[in-house]
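**Student:** sequence unknown, structure follows:
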């Protein structure tokens, strides 16, 4: 349960997390609670060891926490640790063999073609889209405040971030009905996709083909259909756009060969769209829920905002100076990293340090575990944004904070997400007071992303 101290004071506090148990108890708890939440499988030992086995399974599952080994696995200089077979198969119906899951020469070709398009994600260029999305959100919240309406924080953040990324990628807004459809379909996909069935993690051998369920495939069809509709506006004769979609459509290989087919374009744009909004929506849902329950911290945020802006409009330059707001987001990413697990598979027998790794082993880098590791963090389960202040830098272990990954596949949208979150937190808490309903029911669940197990319902009033 989230604590709620008085508005006049604030101190670091402990937001909800599953208390880790022994491997056997963790397995029994998962069986009793049902499918889907992989956090329940993490034993207590995972938060202490630099590297070691993750419970019991037919296929070897290894959790890697030592920062140097984490960097080695994710950088993968020898090509031994591609994206795991479970992740690739799970995401194939949604984003195909796109840049997020491809490896080797395919990934290198795609990255070379897509890199020029990423200039559209430069934050100074995208900031007006963020402001426009925030303007629309403020109008909606003002209506909710006047009507006293209860609404889903998860859905609102999903719609807001989807609207912003849609403006950036496709130069258009996202209709509310489409946002609802995509949100619902992605929820179905995330909760039911075969990657998150822990029985398969435990019982199946490596590279076992896993058929996806019909309703998962239907959710993927719906999402890809909406993305295809947005793409076709760009492919229409005479269409002229200056955005990410147009740049990826125009992309060609080094040899001047053909560009992406329509299906490949949906794959690549699907990565941009879903990674650009779903991960941000996940983190912002946690940030807003935590702040709503911490009025003393909100008072500190508002004081900083007024000092930096002198009561004026929050500009791009201001976001660089909103230190506390940015650190609230950074600490949210530490405790609730949107991508809970970064699974890799060993396609050859090897060693990590002195630890022997079998061919076919699932090598798990888990930001959730790394960010709460007892050896790398002081009071790891406390929410304390001030831990990121320069004067406390000595408390941090280099390489133990990887919310955007690390190595050549580090998230290209990290700066975009940080500025977007800083703006949204600052503006929406500057103008509104937030109340969470049933805060005692808030608990994290990890499937493909780290989300509240149930939707968080909220009300707002004008500040």
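**Tutor:** It's in. Remember, it's a predicted structure, so these values are computed and weren't measured experimentally.

**Student:** quick one, strands of this structure?
**Tutor:** For the chain, applying DSSP state E gives strands covering 51-53, 61-64, 151-152, 342-345, 350-352, 355-357, 362-365, 432-436, 444-446, 450-452, 457-462.

**Student:** could I get these in a markdown table, plus columns for mean pLDDT and distance to residue 177?
**Tutor:** (C-beta placed from N, C-alpha, C; glycine too.) Below are the strands of the chain laid out as a markdown table (pLDDT from 0 to 100; distance: least, Cβ to Cβ, whole Å):
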| stretch | mean pLDDT | distance to residue 177 |
| --- | --- | --- |
| strand 51-53 | 91 | 47 |
| strand 61-64 | 93 | 41 |
| strand 151-152 | 96 | 15 |
| strand 342-345 | 93 | 34 |
| strand 350-352 | 96 | 48 |
| strand 355-357 | 95 | 48 |
| strand 362-365 | 94 | 38 |
| strand 432-436 | 98 | 25 |
| strand 444-446 | 89 | 27 |
| strand 450-452 | 92 | 22 |
| strand 457-462 | 97 | 21 |
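
**Student:** so which of these is nearest residue 379?
**Tutor:** With Cβ to Cβ as the criterion, residue 379 lies closest to strand 444-446 of those, at 18.1 Å.

**Student:** rewinding a little: nearest to residue 121, of the strands of the chain?
**Tutor:** Nearest to residue 121 among the strands of the chain is strand 342-345 (21.1 Å), distances taken as Cβ to Cβ.

**Student:** longest helix anywhere in this protein?
**Tutor:** The helix that spans the most residues within the chain, counting by DSSP state H, is helix 262-292.

**Student:** rewinding a little: including mean neighbour count and distance to residue 265, could the strands of the chain go into a markdown table?
**Tutor:** Below are those laid out as a markdown table (neighbours: other Cβ atoms under 10 Å; distance: least, Cβ to Cβ, whole Å):
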| stretch | mean neighbour count | distance to residue 265 |
| --- | --- | --- |
| strand 51-53 | 16 | 40 |
| strand 61-64 | 23 | 35 |
| strand 151-152 | 16 | 31 |
| strand 342-345 | 22 | 26 |
| strand 350-352 | 15 | 36 |
| strand 355-357 | 16 | 37 |
| strand 362-365 | 23 | 30 |
| strand 432-436 | 18 | 38 |
| strand 444-446 | 22 | 30 |
| strand 450-452 | 23 | 28 |
| strand 457-462 | 17 | 36 |
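
**Student:** dump the ones you listed to TSV, plus distance to residue 80.
**Tutor:** Formatted as TSV, these follow (distance: least, Cβ to Cβ, whole Å):
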stretch	distance to residue 80
strand 51-53	15
strand 61-64	13
strand 151-152	43
strand 342-345	9
strand 350-352	5
strand 355-357	9
strand 362-365	9
strand 432-436	45
strand 444-446	26
strand 450-452	27
strand 457-462	46
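
**Student:** tell me which of those strands lies nearest to residue 9.
**Tutor:** Residue 9 sits nearest to strand 432-436 of all the strands of the chain, at 17.4 Å, using Cβ to Cβ.

**Student:** quick one: work out the angle between the closest one and helix 262-292.
**Tutor:** Angle, strand 432-436 to helix 262-292, by axes from the mean of the first three to the mean of the last three Cα atoms, to 10 degrees: 90 degrees.

**Student:** the closest residue in space to residue 94 that isn't next to it in sequence and residue 121: what is the separation?
**Tutor:** Excluding the flanking residues, the one nearest residue 94 by Cβ to Cβ, 6 or more residues apart in numbering is residue 220, at 4.6 Å. For residue 220, the distance to residue 121 (Cβ to Cβ, to the nearest Å) stands at 25 Å.

**Student:** I'd guessed residue 206 sits against residue 86; true?
**Tutor:** No. Using Cβ atoms under 8 Å as the test, residue 206 is too far from residue 86 to be in contact (9.1 Å).

**Student:** out of the strands of the chain, nearest to residue 188?
**Tutor:** Among these, if distance is taken as Cβ to Cβ, the winner is strand 450-452, at 13.2 Å.

**Student:** who does the closest one pair up with?
**Tutor:** strand 444-446 (antiparallel) (DSSP bridges).

**Student:** if we can go back for a sec, next, the buried residues of the longest helix of the chain.
**Tutor:** 264-292 (16 or more other Cβ atoms under 10 Å).

**Student:** gap between it and the chain center?
**Tutor:** 7 Å (Cα atoms, centre = their mean, to the nearest Å).

**Student:** give the buried residues for stretch 243-258.
**Tutor:** Buried-residue list, stretch 243-258, by 16+ other Cβ under 10 Å: 243-249, 251.

**Student:** got any residues that touch both of residue 206 and residue 86?
**Tutor:** residue 362 (Cβ atoms under 8 Å, 6 or more residues apart in numbering).

**Student:** between the two ends of stretch 390-402, how far is it?
**Tutor:** 18 Å (Cα to Cα, to the nearest Å).

**Student:** average model confidence for that stretch?
**Tutor:** Stretch 390-402 carries an average pLDDT of 94.

**Student:** one more: stretch 16-34?
**Tutor:** 68.

**Student:** mind starting the numbering at 35 from now?
**Tutor:** In the new numbering, first residue 35, that becomes stretch 50-68.

**Student:** residue 457 is nearest to which of the strands of the chain?
**Tutor:** strand 466-470 (14.5 Å).

**Student:** give me the angle between that closest one and strand 491-496.
**Tutor:** 160 degrees.

**Student:** pairing partners for strand 466-470, with directions?
**Tutor:** Strand 466-470 is paired, per DSSP bridges, with strand 491-496 (antiparallel).

**Student:** determine how far the partner strand lies from the middle of the whole chain.
**Tutor:** With Cα atoms, centre = their mean, you get 24 Å for strand 491-496.

**Student:** and the contacts of it?
**Tutor:** Residues contacting strand 491-496 (Cβ under 8 Å, 6+ apart): 175-176, 178-179, 182-187, 190, 322, 326, 465-472.

**Student:** swap the cut-off to 6 Å and go again
**Tutor:** Residues outside strand 491-496 that contact it (Cβ atoms under 6 Å, 6 or more residues apart in numbering) are 175, 178-179, 184, 187, 466-471.

**Student:** ok, those residues vs residue 267, which is closest?
**Tutor:** Nearest member of those to residue 267, counting by Cβ to Cβ, is residue 175, at 29.1 Å.

**Student:** neighbours around that closest one, how many?
**Tutor:** 21 (other Cβ atoms under 10 Å).

**Student:** and it, how far from residue 189?
**Tutor:** Distance, residue 175 to residue 189, by Cβ to Cβ: 13 Å.

**Student:** what sits closest to residue 439 if chain neighbours are left out?
**Tutor:** Using Cβ to Cβ, 6+ apart, the nearest residue to residue 439 is residue 445, at 5.5 Å.

**Student:** is it correct that that neighbour is in contact with residue 438?
**Tutor:** Yes. Taking Cβ atoms under 6 Å as the definition, residue 445 is a contact partner of residue 438 at 3.9 Å.

**Student:** tell me how far the closest residue to residue 268 other than its chain neighbours lies from residue 344.
**Tutor:** With Cβ to Cβ, 6+ apart as the criterion, residue 268 has its nearest non-adjacent residue at 5.0 Å, and that residue is residue 279. Computed as Cβ to Cβ, the residue 279 to residue 344 distance reads 38 Å.
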